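Student: pasted the sequence and its predicted model underneath.
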Amino acid sequence: MIVGLVRGGGVGPPPRTPPGDSISAHHAPGGRTLHAVNRSHARQLFVENRLEVAWVGFACLNLVAMLVLITDNGPHGWETVPFHLIYVSFTLLYGYRMWRGRGTIAGITFVSLSAGAMTLLAVQRSREDWAELTEVPLMGLMFLAMVYHVRRRQDAVAESDRLASNLRASLQRQRDFVSDASHELLTPITIARGHIDLLNRYHSAGHEEIGAISDTVVAELERMERLIDQLLLIEGAPTPGFLLPAETRLGPFVEELFQRWRVAAPREWSLGAIPDIAVVVDRDRLAISLEELLENAIRHTLEGDRIGIDAVQLADQVLLTVRDSGKGIPPEALGHVFDRFYRVDRDRNRRGGGAGLGLSIVRAVAEAHGGSITVVSRLGVGTAFTITLPVGSARHQPVTAAADGLDPDRGVQLAT
């Protein structure tokens, strides 16, 4: 019985010794005797399966208790108490060990036969009715039903782990592809720009058409460089070292950024109250995020519309808001504006409307700081993007905003 419950096998007889090999019959490699090896193996099996050994002892004690109660005419019906204790303890042991195959069969066979024999003895001595014998197979069937559902759950968990492992491997392959492809694309772009510069230097004089074509090519190459830089930025967000945080005075930081951008487009610019507090952030990454929001505001407003920046401190958080009085975002698009390559106005070309990565960058940077970003918009009224950041130390967290076309809210997909 104990051998049947041993996980991974049982104790077998010692190996037979070839005739005439008296040395190998008494000694194992390393100078140890075979008896010592067997004792060591048995001791190891006992330690590994001490719970099974303890349960067998407990079950035997309960069987003895049943026998004593039956043969000595103990209180009527009390023999069912150790009977149920055997089943309950075996169920608990299975829940902890969850043997596969042989151990489970050996256990339920031992319980059913031993408990059934004691019940039959009680029936023969007129302490129990014959109907009590039906409880033995019923208890066994209940246990087998539990085993069935446990096995199904184990199989489901194993399948889930396998799928999760495959998904992680797929994510990593796609991230590696994006990173490798982005770096490889930068080299031919640099070479092409060098040749365009040479063409402009030696052949564009007096050839306006060549100059115009060169400018167009350079503009497209610059757009490709910006796109690659954005992809690399988003792809690097989940990795350690993405942030280089330092203590920064929020007021001067936002004001400097505002002064640079207020001359970028003829809008009604306004700078609200900025709390003069110190925050621990990556200045460059946060500046990129705010610039993406400001560029987005310019792109979706017209001359004379309002664009403003303000901030407010709430407990241990600071809320940075970029708002505009542009045309707003349709309600059905609000849930997708942070998706990679998503553009609200799909009729605009990529040169004028961007590649749809700017807001994904903002989300990646905000989440890497341990913060978040939200958007509120009304058609014909305007839009407000709010970055929430912790006032204390910046903490890098792995985020899902990687340049792999994968979004946890939309399932596994490749952006096109």
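Tutor: Looks like it arrived, so ask away.

Student: quick check: pLDDT value at Leu233.
Tutor: Note on Leu233: pLDDT of 73.

Student: Met146 too?
Tutor: 78.

Student: cool, and Gln174?
Tutor: Per-residue pLDDT puts Gln174 at 69.

Student: next: Arg260.
Tutor: On the pLDDT scale, Arg260 gets 91.

Student: what does Arg323 give?
Tutor: pLDDT, Arg323: 95.

Student: let me know the secondary structure of it.
Tutor: Of the three states, Arg323 takes strand under DSSP: H, G, I helix; E, B strand; the rest coil.

Student: Phe385 belongs to a strand?
Tutor: Yes. Assigned with three-state DSSP, Phe385 falls within a strand.

Student: got the contact list for it?
Tutor: Residues near Phe385 by CB atoms under 8 Å, 6 or more residues apart in numbering: 293, 296, 321-323, 359, 362, 373-375. Using the backbone N, CA and C atoms, a C-beta is placed for each residue, glycine as well.

Student: test of understanding: give the bridge partners of it.
Tutor: Val322, Val375 (DSSP bridges).

Student: ok, it to Ser289 distance?
Tutor: Note on Phe385: its distance to Ser289, by CB to CB, to the nearest Å, is 10 Å.

Student: joint contacts of the two?
Tutor: Joint contacts of Phe385 and Ser289 (CB under 8 Å, 6+ apart) are Val362.

Student: for burial, what's the neighbour tally of Glu367?
Tutor: Using other CB atoms under 10 Å, Glu367 has 19 neighbouring residues.

Student: going forward, count from 53.
Tutor: That works, and once the first residue is 53, the last one we named lands at Glu419.

Student: pull out the buried residues from the helix or strand hosting it.
Tutor: Here Glu419 sits within helix 410-420, counting by DSSP states H and E. For helix 410-420, a neighbour-count test (16 or more other CB atoms under 10 Å) marks 410-420 as buried.

Student: would you map the helices across the stretch 153-302 of the chain?
Tutor: 154-176, 187-255, 260-288, 302-313 (DSSP state H, counting those that start in this stretch).

Student: how about the helices in the stretch 353-468 of the chain?
Tutor: 402-405, 410-420.

Student: just want the angle from the last one to helix 260-288.
Tutor: Spelled out, it's helix 410-420. If you take axes from the mean of the first three to the mean of the last three CA atoms, to 10 degrees, helix 410-420 sits at 30 degrees to helix 260-288.

Student: for helix 410-420, packing partners?
Tutor: For helix 410-420, the packing partners by 3 or more CB pairs under 8 Å, 6 or more residues apart in numbering; DSSP states H and E come out as helix 260-288, helix 335-351, strand 424-430, strand 434-442.

Student: any chance of those in CSV, plus distance to Leu250?
Tutor: Formatted as CSV, the helices and strands packed on helix 410-420 follow (distance: least, CB to CB, whole Å):
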stretch, distance to Leu250
helix 260-288, 10
helix 335-351, 32
strand 424-430, 44
strand 434-442, 43
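
Student: and those: which comes nearest Ile160?
Tutor: strand 424-430 (53.2 Å; CB to CB).

Student: what residues of that closest one count as buried?
Tutor: Quick answer for strand 424-430 (16+ other CB under 10 Å): 425, 427, 429.

Student: the first one: what's it in contact with?
Tutor: So the one you mean is Ile425. Here Ile425 is in contact with 390, 411, 414-415, 418, 437-440 (CB under 8 Å, 6+ apart).

Student: burial measure for the residue nearest to Leu346 when sequence neighbours are not counted, as a count.
Tutor: Closest residue to Leu346 apart from its sequence neighbours, by CB to CB, 6 or more residues apart in numbering: Trp313 at 5.0 Å. By other CB under 10 Å, 18 other residues sit near Trp313.

Student: show me what contacts Trp313?
Tutor: 321, 343, 346.

Student: and the helices of the stretch 153-302 of the chain, which is most packed in?
Tutor: Mean neighbour count, computed with mean count of other CB atoms under 10 Å, is highest for helix 154-176 among those, reaching a mean of 18.

Student: ok now that one, how far from the chain's centre?
Tutor: Here helix 154-176 is found 46 Å from its chain centre; the criterion is CA atoms, centre = their mean, to the nearest Å.

Student: okay, the angle between it and helix 187-255?
Tutor: 160 degrees.

Student: hang on, the earlier thing: which one of the helices and strands packed on helix 410-420 lies closest to Thr132?
Tutor: Nearest of the helices and strands packed on helix 410-420 (CB to CB): strand 424-430, 60.1 Å.

Student: what domains does the record give for the chain?
Tutor: As assigned by automatic domain parsing, the chain contains the domains 54-66+73-180, 298-442.

Student: start and end of the longest one, how far apart?
Tutor: Start and end residues of domain 298-442 are separated by 13 Å (CA to CA, to the nearest Å).

Student: quick one: low-confidence parts of the stretch 203-352 of the chain?
Tutor: 226-227, 229-231, 234-235, 254-259, 287-292 (pLDDT under 70).

Student: any regions of the stretch 53-202 of the chain where pLDDT drops low?
Tutor: 53-89, 98, 152.

Student: so what's Ile326 up against?
Tutor: 302-303, 306-307, 361-363.

Student: list phi and psi for it.
Tutor: phi -120, psi 120 (degrees, to the nearest 10).

Student: from Met198, how far out is it?
Tutor: 63 Å.

Student: buried ones in stretch 379-397?
Tutor: Neighbour-count burial for stretch 379-397 flags 379-381, 385-386, 388-392, 394-396 (criterion: 16+ other CB under 10 Å).
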